[in-house]
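Participant: Starting from these lines, generate the structure:
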Amino acid sequence: MSILSTVFLRLTALKNALPLSPLTLTALTLVFIFIVDNSTFWSIAIAIFSGHLVSLAVYILAVFCLMLAAFSLFAFPWTVKPFLAFMLILSSITSYYMDNLGVVIDRDMIQNVMVTTFTESKHLITLSFVLRVLIAGVLPALVVFAVKLKPQGKAKAALLPVVSFVLSLALAAGLLMTDMKSYASILRERKDFMSAFQPGMPLVSTIRYAKMMSRSANTTMASIGTDAKKGPAYAQGDKPVLTIVVAGETARTQNFSLNGYGVDTNPNLEKLPVISFSQVSSCGTATAVSLPCMFSKFDRGDYSYEKGVSTENVLDVMKHAGFKVEWWDNNTGDKGLAARIPSRSFTNTDNQQFCPTGECDDGIFMQALKDYAASITEDTVLVMHQIGSHGPTYYLRYPPEFERFTPACRTAEFKNCTPQEIVNVYDNSIAYTDAILAQTIEFLQSQDQLTTSLLYVSDHGESLGEGGLYLHGSPYFMAPDVQTKVPMILWMSNAFSDKFNIDRSCIASKKTDTLSHDNLFHSLLGMLDIDTSERNASLDIFASCKGSKKVVQIDR
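Facilitator: Model prediction:
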């Protein structure tokens, strides 16, 4: 109580202090944000301008003037305090994730935040986060509201912010022109520099996100693959096909022992006849971008949010071809991919075995799959979207009995764990994914009434502290390989490879080929012998691995 009383008395004293003009209060607040909320930005700046302190000072002053110009637009007596309070709290939040986890708040990250759920985001609200926001955000915001504003006439109050905007912008331009060539070179070569600046990067990213959403607000869905039909492999009219596509979450290829990792994270899959593709790149570094992109017909360079939400995806094409297609989700949703097919959510299911904390691990799929398979009478594609290795609470992604690698980090506060503990807990989550995939494959092997296959591919990878980065979502241009290299694993029953005349040794020879999410759309169509003008054979990994069709006599 004594601390709260002291704070209250201090804030009350500000009411009686010398009044400040809105512009002065704005400038002082901006100085505070520059100093307190930009630790990473300052570290990069000092490294870049090492030995050139004058150039550093000129550049920082130019950036300050640019921000002052932007802030001046809100420096009216009736808007200045709410705006500055918001900026203080925003900067305290974004700087926490930048300084502690290396998370850059770019447009894709804003998109990820907007589509996330409380279940997913609650683990990021830790004690250190709350303390940081209270001390660097809420408390300064209270100070801003407590400051007495200097009385101004209506004309002056309306004119000064405009004058400040123009002068600050002009001064910023003049300062940058003193050595524009060098500054432009730095910004071109070190894109991580301004990406670390708070609150500039989040503000620009929010504007870009708003523009993106505005452009896509009234889009019309474009149908694709309406010419799709089942190919010659289906002429035999034998057992229904069941292909399971497992969309993994936050699994990085570097931690799969199938791909040469020195820790035995895939003991179950290694006993099965699977093909693991070790050189696969993701479309993005966050689920909101990567998941819709990987199922779309567009490659990474051509994909955009607008195209994704206005164009049907490979699930629609398979539906056009006559497949029953369904989406099962144990994550944060299908991101619009299942809008035109049946879907089922397993998140927060009332199940003590697989959901003891209210969040379900991926074992929740198995009983439902057994019931589902028994009812299949037509060719079917089932997508299972895992929670996988979603952090920072990796320890919630597997049952306690799967904690094979110890000691394991059992908190979202990575600063309280050693690097090895973080790797151990992540490896445990990968080992559980290994067990779930193996259980699924073993179940499919037992389904003699079906022609079965499984394709697993993760949406993106994860940083575990390498280079000071944690989690995922880094801008693609600066994302490390651990965020962009993802595992892809194929299993086919003998009946499946025979039906579609797939040469296993040919497919296996591609396991170290350079592949990406770009291949998924076309390879699913090729794998399932779906004829459509949308399939690009050059991106279909099965295209060169199918022999001439054999004629097989079917006993009636």
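Participant: Tell me the pLDDT of the nearest residue to Ala543 once chain neighbours are set aside.
Facilitator: Among residues not flanking Ala543 along the chain, Ala537 sits closest, at 4.3 Å (C-beta to C-beta, 6 or more residues apart in numbering). (Each C-beta comes from the backbone N, C-alpha and C, glycine too.) Here, the pLDDT recorded for Ala537 equals 96.
Participant: Ala537: what's it in contact with?
Facilitator: Under the criterion of C-beta atoms under 8 Å, 6 or more residues apart in numbering, the contact list for Ala537 reads 522, 526, 543.
Participant: Can you show me the strands along the stretch 101-250 of the chain?
Facilitator: Ranges of strands within the stretch 101-250 of the chain are 229-230, 241-248, based on DSSP state E, counting those that start in this stretch.
Participant: deepest of those strands, which one?
Facilitator: Among the strands of the stretch 101-250 of the chain, ranked by average contacts under mean count of other C-beta atoms under 10 Å, first place goes to strand 241-248 (a mean of 24).
Participant: Relative to it, what are the paired strands and their orientations?
Facilitator: Paired with strand 241-248 in the same sheet, following DSSP bridges, are strand 380-385 (parallel), strand 451-458 (parallel).
Participant: could these go into CSV alongside distance to Gly358?
Facilitator: Shown next, in CSV, are the strands paired with strand 241-248 (distance: least, C-beta to C-beta, whole Å):
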stretch, distance to Gly358
strand 380-385, 18
strand 451-458, 24
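Participant: can you put these in CSV and add mean pLDDT?
Facilitator: Below are the strands paired with strand 241-248 laid out as CSV (pLDDT from 0 to 100):
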stretch, mean pLDDT
strand 380-385, 98
strand 451-458, 98
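Participant: Please identify which of these is closest to Val204.
Facilitator: strand 451-458 (29.6 Å; C-beta to C-beta).
Participant: Which positions within that closest one qualify as buried?
Facilitator: Buried residues in strand 451-458, counted by 16 or more other C-beta atoms under 10 Å: 451-458.
Participant: before we move on, what about stretch 78-95?
Facilitator: Buried, per 16+ other C-beta under 10 Å, within stretch 78-95: 80-81, 83-85, 87-95.
Participant: what does that stretch contact?
Facilitator: 22, 25-26, 29, 32-33, 36-40, 71, 74, 105, 129, 132-133, 135-138, 140-141, 144-145, 147, 149, 198-199, 201-202.
Participant: Quick one, which of the residues you listed are buried?
Facilitator: If you count burial by 16+ other C-beta under 10 Å, the buried members of the contacts of stretch 78-95 come out as 22, 25-26, 29, 32-33, 36-38, 40, 71, 74, 105, 129, 132-133, 136-137, 140-141, 144, 147, 149, 198-199, 201-202.
Participant: between the contacts of Ala537, which has the most around it?
Facilitator: Gly526 (25 neighbours; other C-beta atoms under 10 Å).
Participant: For that residue, give me its contacts.
Facilitator: With contacts defined as C-beta under 8 Å, 6+ apart, the neighbours of Gly526 are 535, 537, 540-543, 546.
Participant: looking at this, it is in a helix?
Facilitator: Yes. Assigned with DSSP: H, G, I helix; E, B strand; the rest coil, Gly526 falls within a helix.
Participant: That one - nearest residue in space that isn't next to it in sequence?
Facilitator: Among residues not flanking Gly526 along the chain, Asp540 sits closest, at 3.6 Å (C-beta to C-beta, 6+ apart).
Participant: What of Phe34?
Facilitator: Counting by C-beta to C-beta, 6+ apart, the residue nearest Phe34 is Phe64, at 6.5 Å.
Participant: ok, now how distant is that neighbour from Ile33?
Facilitator: According to C-beta to C-beta, to the nearest Å, Phe64 stands 10 Å off from Ile33.
Participant: How many neighbouring residues does the residue lying closest to His320 once chain neighbours are set aside have?
Facilitator: What sits nearest to His320 in space, not counting adjacent residues and going by C-beta to C-beta, 6+ apart, is Ala228, at 4.4 Å. Neighbours of Ala228 under the rule other C-beta under 10 Å: 23.
Participant: Please report how far Ala228 lies from Leu520.
Facilitator: With C-beta to C-beta as the criterion, Ala228 and Leu520 are 16 Å apart.
Participant: again with Lys319
Facilitator: Shown here: Lys319 relative to Leu520, a distance of 16 Å by C-beta to C-beta.
Participant: before we move on, the earlier item: which one of the buried residues of stretch 78-95 is nearest Ile224?
Facilitator: Thr94 (38.0 Å).
Participant: and the host helix or strand of the closest one, how far out from the chain's middle?
Facilitator: Using DSSP states H and E, Thr94 maps to helix 80-101. The gap between where helix 80-101 is centred and where its chain is centred comes out at 22 Å by C-alpha atoms, centre = their mean, to the nearest Å.
Participant: avg pLDDT for it?
Facilitator: The average of the pLDDT scores along helix 80-101 is 93.
Participant: pLDDT below threshold where in the stretch 51-200 of the chain?
Facilitator: Across the stretch 51-200 of the chain, the ranges flagged by pLDDT under 70 are 118, 120.
Participant: Pull the contacting residues for Thr311.
Facilitator: 221-222, 224, 296-298.
Participant: how close does it get to Lys297?
Facilitator: In this view, Thr311 and Lys297 are 7 Å apart by C-beta to C-beta.
Participant: which neighbours do the two share?
Facilitator: Common contact partners of Thr311 and Lys297 (C-beta under 8 Å, 6+ apart): Ile224.
Participant: Next one: Pro475 from Asp106, what distance?
Facilitator: According to C-beta to C-beta, Pro475 and Asp106 sit 5 Å apart.
Participant: right, I mislabeled it, should have said Lys499
Facilitator: 45 Å.
Participant: neighbour-wise, which of these two wins?
Facilitator: Asp106 (24 against 21).
Participant: Tell me who's in contact with that one.
Facilitator: Going by C-beta under 8 Å, 6+ apart, Asp106 touches 195, 201, 205, 475.
Participant: one more time with 6 Å, if that's ok
Facilitator: Residues counted as contacts of Asp106 (C-beta atoms under 6 Å, 6 or more residues apart in numbering) are 205, 475.
Participant: Same check on Asn348?
Facilitator: Gly358.
Participant: Secondary structure of it: a helix, I assume?
Facilitator: No. Assigned with three-state DSSP, Asn348 falls outside any helix and is coil.
Participant: Next up, phi/psi of it, please.
Facilitator: phi 60, psi 30 (degrees, to the nearest 10).
Participant: Could you measure from it over to Glu359?
Facilitator: Asn348 is 7 Å from Glu359, by C-beta to C-beta.
Participant: JSON lines for the contacts of Gly526, including distance to Leu337 and secondary structure?
Facilitator: Converted to JSON lines, these look like this (distance: C-beta to C-beta, whole Å; DSSP: H, G, I helix; E, B strand; the rest coil):
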{"residue": "Arg535", "distance to Leu337": "19", "secondary structure": "coil"}
{"residue": "Ala537", "distance to Leu337": "24", "secondary structure": "helix"}
{"residue": "Asp540", "distance to Leu337": "20", "secondary structure": "coil"}
{"residue": "Ile541", "distance to Leu337": "21", "secondary structure": "coil"}
{"residue": "Phe542", "distance to Leu337": "22", "secondary structure": "coil"}
{"residue": "Ala543", "distance to Leu337": "24", "secondary structure": "helix"}
{"residue": "Lys546", "distance to Leu337": "27", "secondary structure": "strand"}
